[in-house]
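Student: Task: produce atomic coordinates for the following.
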Amino acid sequence: MISLNRTRVEDFVIKNGTPVTEMCNRITQDIDLCTNGEQILALLSQTDEEIFSGSELSDEIRSDGFENDHLILNRISCLSELIREQVEHQIKNPSQQFKIILSGCGTSGRLAYLCSQTFSKYLKSSFNEINYNLCDYIIAGDEFALVNSVEAVEDKAHIGAEKLKNILDQHSNSSCVYIGITCGLSAPFVAGQIDHCLKDPRVKAFSLIGFNPLEMTRKTHAVNKENESFYHLIKKIISPSIDKKFFPLNPIIGPEPITGSTRMKSGTTTKIILDLILTKTICLLSNREMSDQVFLSFYQQAKFCVYSEEIRKSIGVLIDKSSDALRNLNNGGSINYCSSSERLGLLCCVDASECLPTYGASKNDIKGFVQISSCMDKQWNGFYDNCPSVWSTNITENLSNFKSYDCVFIFVEEENNQSEIEEILAKQTDCQLYKINFCTTITKSTERIQAINLETLNKILVQAEQKLGIYFKKCLEEFVLKLILNAISTGAHVLYGKTYKNIMVDVRVSNIKLYWRAIGIMEKLCNLKREECECYLLKSIYKGIEVDNGIDEHIRQASPEKFIVPIALVMALTKCDYYMAKKLLNESKNSVRNCIFKIKTNFNNK
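Tutor: Just a heads-up that it's a prediction; the model follows:
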């Protein structure tokens, strides 16, 4: 039963008209005034706490947070129990093929891939009867999208439905539980799959993870043959006439620290929800007791550890050095992650790739690498085969790109040893080297490599393994690394000047969601009507030329271009033409914050 407070929160959001995932967070409204990484971490600590304890949406309205949302926790328990029943049925009936299918776009699809691979590997090692990947994944844009932005596919409902159908068609006697992830309840790709779930009897149950009230599901273009939008499809599914098992998992965790950047809090909460569903399933299969409170307490302890004074200072330095690297891109500056762990390396590559659409970064600004070895796990072949840019050989074969002192390398390791790549970089370059150590033994800093040991965290990880098993311990490691990497890349770009207040204004207009987000950003900053903001955005896309094209063509034209939104903002704030706006932005060295600040100052002085 829905709680009275949740009803109040949902009513407030619906009346306000802005999805929670697109609201501005009160805590970080002055994040662009921070002068160092530690200050940014102090703010991110507060916004990440909102995941668990709730968010202040107004002076009178505060959400419950995940740990107090008993409606969502109960749905997760029911879903895990249903999955347990299906897995046990599969073990007894090997001629059938049951699957859990996780699906999403962008960050959501990448987390679906990570969780599906680790869970499938664990099940195969624990149950001889299961010799296939019981947990499968779908990501819009396929494996290439694991470390590349392929956002236009997000808008294609029919492609999403086809991908789901293709997985089910691979076996003559298949069934599944489907879990779709769209943080803003906005992706037509996932909507098409939800529609397919409703119609395909092979789907035993389906779930939708997002972080807005269901009433705020986006009224997209038609996602099925009945010409229903995503919103109208969800309204139909939750009506009493539909008897198929549907589990909406949409805790209200509050706005993102950087407005609309759902790779952060929403992505982190997605990870927690998937971990909870799958860990509960494992515990049920092995008759191990597990309470939601114990599970969530480990995540809270790990979060406190990341933001503790012990670690915050070291991570703060990484943010400062990384922002310096961005300021010195023309002098060989860059941010680079590297790991010998496929699991942790994937997260490194994912975080780096997400900075391209989020902050308008180039592929050379921030990169992730995984060290290639002869004993790599075949479970991750889809990642390696389709994303050759992550191979560590790209470092040694292009060593001249990493020689500058302004180049920062951050190694993330599970084992306490120095890799060949570390040695090469230490001896043959001047780049700055850091190592984040997940190993239980302490790594000593050297003259060239600064070690960051997570001693308190390792104690928590040992307790987590004792209480809930090795699978859960690895989930917790991934959670911690995601927090750290998100903090580094976000903090570096904030200090570099990529945000105005807590709004990321240099967003790539590469799909419908980001097209309307760009217009929303302009509305907030320019105090203009939506139609006027769209007009300035189109002037920026088409370099001042008036056109009469549809939205798909607008997105096609805008996708490869840089500084679309910043130039549109400068035009709107100064009423100048496209070329003058571009000149003003160049004079501010493409720092959107400084440019807008100067413009506003000049206006106020007139």
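Student: Only the buried residues of the longest helix along the chain, if you could.
Tutor: Longest helix of the chain, by residue count under DSSP state H: helix 470-496. Neighbour-count burial for helix 470-496, counted by 16 or more other C-beta atoms under 10 Å, picks out 471-496. Just so you know, the C-beta spots here come from the backbone N, C-alpha and C atoms, and that holds for glycine as well.
Student: Repeat that for stretch 396-406.
Tutor: Applying a neighbour-count criterion of 16+ other C-beta under 10 Å, one finds 401, 402, 404, 406 buried in stretch 396-406.
Student: go on, stretch 245-264?
Tutor: Neighbour-count burial for stretch 245-264 [16+ other C-beta under 10 Å]: 246-264.
Student: and it, how far out from the chain's middle?
Tutor: 10 Å (C-alpha atoms, centre = their mean, to the nearest Å).
Student: same question, stretch 550-559
Tutor: Worked out by C-alpha atoms, centre = their mean, stretch 550-559 lies 24 Å from the chain centre.
Student: Check for me that residue 536 belongs to a strand.
Tutor: No: counting by DSSP: H, G, I helix; E, B strand; the rest coil, residue 536 is not found in a strand; it is helix.
Student: give the contact list for it.
Tutor: Taking C-beta atoms under 8 Å, 6 or more residues apart in numbering, we find residue 536 in contact with 522, 526, 528, 568, 569, 571, 572.
Student: give me the number of residues near the third one?
Tutor: The number of residues packed around residue 528, counting by other C-beta atoms under 10 Å, is 17.
Student: Which strand or helix spans it?
Tutor: For residue 528, there is no host helix or strand (DSSP states H and E).
Student: OK, contacts around it?
Tutor: Contacts of residue 528 (C-beta under 8 Å, 6+ apart): 522, 536, 572.
Student: The last one against residue 524, yeah?
Tutor: No: between residue 572 and residue 524 no contact is recorded; they are 11.6 Å apart, counting by C-beta atoms under 8 Å.
Student: per-residue confidence for residue 443?
Tutor: Looking at residue 443, its pLDDT reads 85.
Student: Would you verify that residue 436 is located in a strand?
Tutor: Yes: according to three-state DSSP, residue 436 belongs to a strand.
Student: residue contacts, it?
Tutor: 410, 411, 412, 413, 452, 454, 481, 484 are the contacts of residue 436 under C-beta under 8 Å, 6+ apart.
Student: any idea how far the second one is from residue 450?
Tutor: The one in question is residue 411. Residue 411 sits 10 Å away from residue 450, taking C-beta to C-beta, to the nearest Å as the criterion.
Student: so what's in contact with the two at the same time?
Tutor: Listed as contacting both residue 411 and residue 450 by C-beta under 8 Å, 6+ apart are 433, 434, 435.
Student: If we ignore the residues flanking it in sequence, what's nearest the last one?
Tutor: When you say that, I think you mean residue 435. residue 411 (4.3 Å; C-beta to C-beta, 6 or more residues apart in numbering).
Student: On the strand side of things, show who the one you found bridges to.
Tutor: Beta bridges link residue 411 to residue 338, residue 435 when assigned by DSSP bridges.
Student: contacting residues for it?
Tutor: 337, 338, 339, 419, 422, 433, 434, 435, 436, 449 are the contacts of residue 411 under C-beta under 8 Å, 6+ apart.
Student: doesn't residue 386 make contact with residue 143?
Tutor: Yes: proximity of residue 143 to residue 386 meets the contact threshold set by C-beta under 8 Å, at 3.6 Å.
Student: Neighbour count for the two, which is higher?
Tutor: Using other C-beta under 10 Å as the criterion, residue 143 and residue 386 rank with residue 143 on top: 18 against 15.
Student: any idea how far the strand or helix carrying residue 514 is from the chain center?
Tutor: Using DSSP H and E, residue 514 sits within helix 512-526. Relative to its chain's centre, helix 512-526 lies at 20 Å (C-alpha atoms, centre = their mean).
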